[in-house]
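S.K.: Need coordinates for the below:
(2 chains)
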Protein chains: 2
Amino acid sequence: VSSHDPVIGLDIGGTKIAAGWVVNGALVGDLITEPTPVSPESFLTAQAKLVEALQAKHPEQMAKLIGISTAGMVDALNGKVVGSTGNLPALQGHPNLKADLESRTGLTVHVENDANAAAFGEFAVGSGQPYDSVLLITLGTGVGGGIIINGDMLRGAHFAAGEIGHIGIAQTKDRRCTCGRWDCWEAYASGTGLKQTARLILKGVAKSDAVAVLRGPKPIEDVRTHDVIDSWKAGNAVAQQIMDQWHEDIAIGLGSVMNVIDPDAVVIGGGLAQFVNYEQLSRQLELRAMSPYFKLHPATLSNAGIVGAALLAQKYAIPSPAHAA
Amino acid sequence: VSSHDPVIGLDIGGTKIAAGWVVNGALVGDLITEPTPVSPESFLTAQAKLVEALQAKHPEQMAKLIGISTAGMVDALNGKVVGSTGNLPALQGHPNLKADLESRTGLTVHVENDANAAAFGEFAVGSGQPYDSVLLITLGTGVGGGIIINGDMLRGAHFAAGEIGHIGIAQTKDRRCTCGRWDCWEAYASGTGLKQTARLILKGVAKSDAVAVLRGPKPIEDVRTHDVIDSWKAGNAVAQQIMDQWHEDIAIGLGSVMNVIDPDAVVIGGGLAQFVNYEQLSRQLELRAMSPYFKLHPATLSNAGIVGAALLAQKYAIPSPAHAA
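M.R.: All right, here's what the predicted structure looks like:
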């Protein structure tokens, strides 16, 4: 298998499965998608269908590799989902995605956690490209992480490396994380955390100020991320205060992770990355990181998970014994 | 250079420099020491003197390598101290220990941060030996860390990897760390942190209870680590409460570090490691670590820094250009 051969990248999300044709680390043509089925059998069928469709669209050369990016904790050596997330019922039985899809398609499959896949994509062909060691953090509904050290994906001994959203940044038991723990970084730096910060700050200001951020008369509890972002963009001072606290919350956890692994560069992705003020975050990180020479970059790939999973398949995929025989 | 060849290990501390003859990862004969000089020139002379003395004691085979373990941030690739600690004035000018000692002795020198050297010692010939990836934490006056991933020393892009004592575990600004930051893990889990926890708890109990822990009439401010340890060993309930909090403080930071790198095993060293209740710490880590399959071990080497530095020299030492020419 040459690195110029095409690879099919699959991104398994809670609502849809997206698939793309990846050549030399770049998507060729459009993504195709299927809704994410609930039953394990239909789930597998949907993936096989996407693979067949992509092969048919590219008759010039068959792909021999599939790279999968999926939510959940993944044993990437065996292609097995070992810890699943609530919004992916098809993964709850801890299926061996690799073995299942290999026997369906006859292709070689590599499975990786989605944050890891995105990190590897950014490392290989995105804004982490100049560096040997890269930390990707994703700021979205949750906070995820992926770590590449000297070109190798760091998965951890129990596939829990990069679970950086669940480092503890406080001891006050003020915020319960979705994982059940108290005071995880994710409960502050994620979109959910940002909303919670907004609620706390809005409850402490004059009603007229709160209404301005809320963009109209609704309960403070119903504040949306975009209310804060829009008010902030419009120059609202209370929204600025909320965003300042959010930046500080990002810096608290990120500084800690940097003091553990000290990567060449930190790449920030996820839906909220576009709202990060990199200068402001850098100033706050200077107070926390032991080395002042860190580098911050916004993520640049629009489909880092699919591209990263494809590249990881090229680097790491091993046919499972049954399939090789 | 064969791995069976002898290596001289040097451990540079604030009060003394210790040196040992290391063969196959084991100390041969006794350590010899010199007081740590303040001036850079005498500092170098003291090291050269120890090297000569060890060579003279082992006339059967000359050592060709020196491994140095030193406090401070170390550029191990160039053998340069890039960030020094207050108690080692000879290192303040950021000397190139490798080049200096190589031109003095004619031997090849490798320099490593002391926590890294100790981690590599434990990984290679101590309680981390069965594992590929090991995190060493040292609980002493401060909290240090060293990380080995798949057999390689993780130094970080700016030599700040493993600076785990300086992850932030609170946002209350209750405790100032020796590094100047607030609420570092070290300010809670170190001996200094344990004493501070003791002061807080002792101020909240009846005077007679405080006196029992203090082992006599002295101000609470003057509590020593050993007062707490001795009272705890004698079954004192307040001392137990202090030690319980200390274990929780250890777990808070350690759980976070584990969620970043997920090592095969955690090895606990440093002067306070002997007072860790491993069962208690495991229970608290189960609440924090994303993988329940972690392994905790006490450190087993009595001179992990010297042995580790020697082994790192065997693995990584490269003669500097001047010396090689």
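S.K.: Going by C-alpha atoms from here, please, whenever you check contacts or count neighbours.
M.R.: Noted.
S.K.: Would you map the helices across the stretch 101-250 of chain A?
M.R.: For the stretch 101-250 of chain A, helices defined by DSSP state H, counting those that start in this stretch occupy the ranges A:114-125, A:186-189, A:191-203, A:207-214, A:225-233, A:237-261.
S.K.: For those, give me JSON lines that also has distance to B:Val22 and mean neighbour count.
M.R.: Listed next are the helices of the stretch 101-250 of chain A as JSON lines, based on distance: least, Cα to Cα, whole Å; neighbours: other Cα atoms under 10 Å in any protein chain shown:
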{"stretch": "helix A:114-125", "distance to B:Val22": "40", "mean neighbour count": "29"}
{"stretch": "helix A:186-189", "distance to B:Val22": "46", "mean neighbour count": "30"}
{"stretch": "helix A:191-203", "distance to B:Val22": "52", "mean neighbour count": "21"}
{"stretch": "helix A:207-214", "distance to B:Val22": "67", "mean neighbour count": "18"}
{"stretch": "helix A:225-233", "distance to B:Val22": "60", "mean neighbour count": "17"}
{"stretch": "helix A:237-261", "distance to B:Val22": "29", "mean neighbour count": "23"}
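S.K.: Please list the residues of chain A that sit near chain B.
M.R.: A:133, A:154-164, A:166-171, A:181, A:252-253, A:255-264, A:287-288, A:290-291, A:293-294 (Cα under 8 Å from any Cα of the partner chain).
S.K.: Let me see the contact set for A:Leu27.
M.R.: With Cα atoms under 8 Å, 6 or more residues apart in numbering or on different chains as the criterion, the residues that contact A:Leu27 are A:Gly20, A:Trp21, A:Val307.
S.K.: Could I get the buried residue list for whatever helix or strand it lives in?
M.R.: Using DSSP states H and E, A:Leu27 sits in strand A:26-35. Within strand A:26-35, the residues that count as buried by 16 or more other Cα atoms under 10 Å in any protein chain shown are A:Ala26, A:Leu27, A:Leu31, A:Thr33, A:Glu34.
S.K.: Tell me the bridge partners for the second one.
M.R.: Think A:Leu27. Listed beta-bridge partners, A:Leu27: A:Val22 (assigned using DSSP bridges).
S.K.: Retrieve the pLDDT associated with it.
M.R.: As predicted, A:Leu27 sits at a pLDDT of 97.
S.K.: what does the fourth one give?
M.R.: With respect to pLDDT, A:Thr33 has a value of 98.
S.K.: Do I have it right that it meets A:Lys16?
M.R.: Yes - A:Thr33 lies in contact with A:Lys16 (Cα atoms under 8 Å); the separation is 6.5 Å.
S.K.: Please state the offset of the strand holding A:Leu27 from the chain centre?
M.R.: A distance of 18 Å separates the centroid of the chain from that of strand A:26-35, by Cα atoms, centre = their mean, to the nearest Å.
S.K.: got the angle for it vs helix A:114-125?
M.R.: Note on geometry: by axes from the mean of the first three to the mean of the last three Cα atoms, to 10 degrees, strand A:26-35 and helix A:114-125 are set 160 degrees apart in direction.
S.K.: Tabulate the helices of the stretch 101-250 of chain A in JSON lines, adding columns for mean pLDDT.
M.R.: As requested, the helices of the stretch 101-250 of chain A are arranged in JSON lines below (pLDDT from 0 to 100):
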{"stretch": "helix A:114-125", "mean pLDDT": "97"}
{"stretch": "helix A:186-189", "mean pLDDT": "98"}
{"stretch": "helix A:191-203", "mean pLDDT": "97"}
{"stretch": "helix A:207-214", "mean pLDDT": "95"}
{"stretch": "helix A:225-233", "mean pLDDT": "96"}
{"stretch": "helix A:237-261", "mean pLDDT": "98"}
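S.K.: show me the residues around the residue nearest to A:Glu186 when sequence neighbours are not counted that make contact.
M.R.: By the measure of Cα to Cα, 6 or more residues apart in numbering or on different chains, the closest residue to A:Glu186 outside its immediate chain neighbours is A:Gly165, 4.6 Å from it. Each residue near A:Gly165 by Cα under 8 Å, 6+ apart is listed here: A:Gly142, A:Val143, A:Gly144, A:Gly145, A:Cys184, A:Trp185, A:Glu186.
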